[in-house]
Structure formats: C-alpha cells, structure tokens
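# Predicted model and sequence below, questions to follow.
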Amino acid sequence: MAIDYDNAGTSVKSPSYLAHVVLRTSNLKPMAQFYKTFLGAHASFENDFLSFLTYDEEHHRIAILQAPGTAPKQQESCGLEHIAFTFNNLEDLALSYRQRKANGILPVWCINHGPTTSIYYQDPDGNQLETQIDNFSSNEEVEKFLTSKEFAQNPIGTDFDAEDLVKRIQAGEDHSSIKRRIEIGPRFTK
C-alpha cells in the first residue's frame, strides 16, 4: 500500500522507540566511568571527547559529549529532569541498588509513585537517573490508579528506605504488598 505523503494528516506517527540520550559535559572520563558502572554498560565507541555507551542491543543508549565551554548544571534551570530505566521485577531493582551501593553509588531519593517503585540517583554532573519497576500488571490498572482520589491528592508518592525494600524481599513478603503505595495524604513536592 502506497503512503499518501501529500495528504498525511495532522496526527503525527509515533517513533518506534527511544534510541538514546546525549549528555553534554566538561567531565567526560568521570561521567563515562559513572555510566559504565551505573548501567553495567560498555563503550561501543570512545575517544577524547565522545563516549557511546550501551548495555543492550542498541549501538548506544547514552552518549556523553565533552563540549568546550560547558558550564555546571543549574538545578533550577529548565530542561531534562531525569532519565528513567525500568527493571523487570523487584528483585532486579533491589539487586541493582545493592550493586550500585557496593560501587559507592547511593540513591538520592527512594519513592513509590504508585504506578512505579523508583530509586533515584545523581551522576557526577548532577543529572538525575531513575531506576524503577512497574507496580501494576496492565495499563488499565495504571489508568485506574491515575484517576483515583489518592493519586489526585498525592501525585508525587511515598518515600521508602531501599534497605527496607531489600529486607522485605528477603523475608519473602508478597510483591503486591511491597508494590502497594502507602497513602500519606496530600503531597506536592519532594
């Protein structure tokens, strides 16, 4: 079937997937090493001003560019808030937390948003990274939660302790109870 490019319409075709993120830095080596450790990644290409990093079938998921004149990140500025990486299950999220901790990479925030259980980190330049698992097994369940009174009151979530998460998993607690967000009432900031 031929595509009618002259009558394409106004509804834009979505991409197949997000391929990569490029980070501008003045600290290439520490940033590249951080992401190699953080993601269990390796360089598919690297020189004195560019590092292409991958951890899966994509040739690069994170590119880090050493750019002259790059100023330190201003947390109050507009721009990218964080990059999120999803794990398949709670065990993998907890294991990656412990592995990062063993490498000196500690979370800056642990929160059950409701739709996700998330552990946030910060790279050497101050960019935030979210590691997460989905708390619901279907989009319909997520949509139901997003339209609930509880989510309207608290669209941010409830903080938790990562070590407590590990202990609950080790104790054999049912994953559905671990993933269930504890409701704390209204909350609008971290």
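Right, received. Where do you want to start?
# so the most centrally placed residue in the chain, which of the three states?
Centroid-nearest residue in the chain, with C-alpha atoms, centre = their mean: Ala84, separated by 1.7 Å. The three-state label given to Ala84 by DSSP: H, G, I helix; E, B strand; the rest coil is strand.
# With adjacent residues omitted, what lies nearest to it?
Excluding the flanking residues, the one nearest Ala84 by C-beta to C-beta, 6 or more residues apart in numbering is Glu130, at 4.0 Å. Every residue, glycine included, has its C-beta placed from N, CA and C.
# what comes up buried for the helix or strand hosting the one you found?
Assigned by DSSP states H and E, Glu130 falls within strand 128-134. Buried positions in strand 128-134, judged by neighbour count with 16 or more other C-beta atoms under 10 Å: 128-134.
# Report the distance from it to the chain centre.
Taking C-alpha atoms, centre = their mean, to the nearest Å, one finds strand 128-134 lying 3 Å from the centre of the chain it belongs to.
# okay, that strand in PDB with CA atoms only?
The C-alpha trace of strand 128-134 is given here as PDB (Å, rounded to 0.1, in the frame of the first residue of the first chain):
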ATOM      1  CA  GLN A 128      19.100  12.600  37.900                       C
ATOM      2  CA  LEU A 129      18.500   9.000  37.000                       C
ATOM      3  CA  GLU A 130      15.500   6.900  38.000                       C
ATOM      4  CA  THR A 131      15.600   3.100  38.300                       C
ATOM      5  CA  GLN A 132      12.100   1.700  38.500                       C
ATOM      6  CA  ILE A 133       9.700  -1.200  38.300                       C
ATOM      7  CA  ASP A 134       6.100  -1.100  37.200                       C
END
